[in-house]
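Visitor: Here is my input, please return the structure:
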Amino acid sequence: MDGSGVLDPVGLRSSVTELLAREAHYVDAGQWDAWLALFEEAAEYWIPAWDSEHEHTTDPQSQMSLIYYGSRQGLEDRVFRIRTGRSAASTPMPRTCHMVSNILASVNPDGTCSVQAKWVTYLFRMNQASSFFGHYDYLLAPHEGGWRIRKKKILVLNDLIPTVLDIYSV
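Guide: The predicted structure follows:
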């Protein structure tokens, strides 16, 4: 940080990369409480559907989504179903490996941070391997010297889905 409390570009990139790496690690390790703690209470989590070959939906309130939670409560409910076995689609849980790269971050005038990144998730479940890949768009909010996720939009580029698509798939 410089004297004004603003992160320098290297510090910004480092802090954002750390958050995204932790998020990927927590999902891969099934550390759901730590993963949920990365999100603000009012965090939006959205995976838009594709309208056509090159255009995805733009409004989760009025158009199709693959997954949409308007707050962290939706994520908490999903984690509860996974943990308690009330999600037949998640039994057995796949082994996953999330890779996040090409991270670009910029601080907005209001102190939030806009982040774009690329991702790949490899899954292995019931003797079958599959993968998903795409783009992440985050809006991060400052929190105790770091960041919390305020919005996460996940664009799945290979949306011909050979297996269950869930929060651990992306």
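Visitor: and the biggest helix by length in the chain, how far out from the chain's middle?
Guide: Looking across the chain with DSSP state H, the single longest helix is helix 9-29. Distance of helix 9-29 from the chain centroid (Cα atoms, centre = their mean, to the nearest Å) equals 11 Å.
Visitor: mind listing what's buried in the following helix or strand past it?
Guide: Sequence order places helix 32-37 as the next helix or strand after helix 9-29, per DSSP states H and E. Of the residues in helix 32-37, those buried under the neighbour-count criterion (16 or more other Cβ atoms under 10 Å) are Trp32, Trp35. C-beta coordinates here come from the backbone N, C-alpha and C atoms, glycine included.
Visitor: Show me what helix 32-37 is packed up against.
Guide: In terms of contacts (3 or more Cβ pairs under 8 Å, 6 or more residues apart in numbering; DSSP states H and E), helix 32-37 is packed against helix 9-29, helix 72-84.
Visitor: Quick one: mean pLDDT over that helix.
Guide: Helix 32-37 shows a mean pLDDT of 98.
Visitor: Mind checking what helix or strand follows that helix in sequence?
Guide: Next along the chain from helix 32-37, counting by DSSP H and E, comes strand 39-48.
Visitor: re the thing from before, so the longest helix of the chain versus strand 39-48, what angle?
Guide: 80 degrees (axes from the mean of the first three to the mean of the last three Cα atoms, to 10 degrees).
Visitor: Helix 9-29 packs against which elements?
Guide: helix 32-37, strand 95-107, strand 113-125, strand 128-143, strand 146-156.
Visitor: Mind checking the helices and strands packed on helix 32-37 for the one nearest to Glu44?
Guide: Nearest to Glu44, of all the helices and strands packed on helix 32-37, is helix 72-84, at 9.2 Å by Cβ to Cβ.
Visitor: So which bits of that closest one are buried?
Guide: Arg72, Gly74, Leu75, Arg78, Val79, Ile82.
Visitor: Turn these into CSV, including pLDDT and distance to Ile161.
Guide: Output for the buried residues of helix 72-84, formatted as CSV (pLDDT from 0 to 100; distance: Cβ to Cβ, whole Å):
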residue, pLDDT, distance to Ile161
Arg72, 97, 25
Gly74, 97, 20
Leu75, 98, 20
Arg78, 94, 17
Val79, 96, 21
Ile82, 92, 18
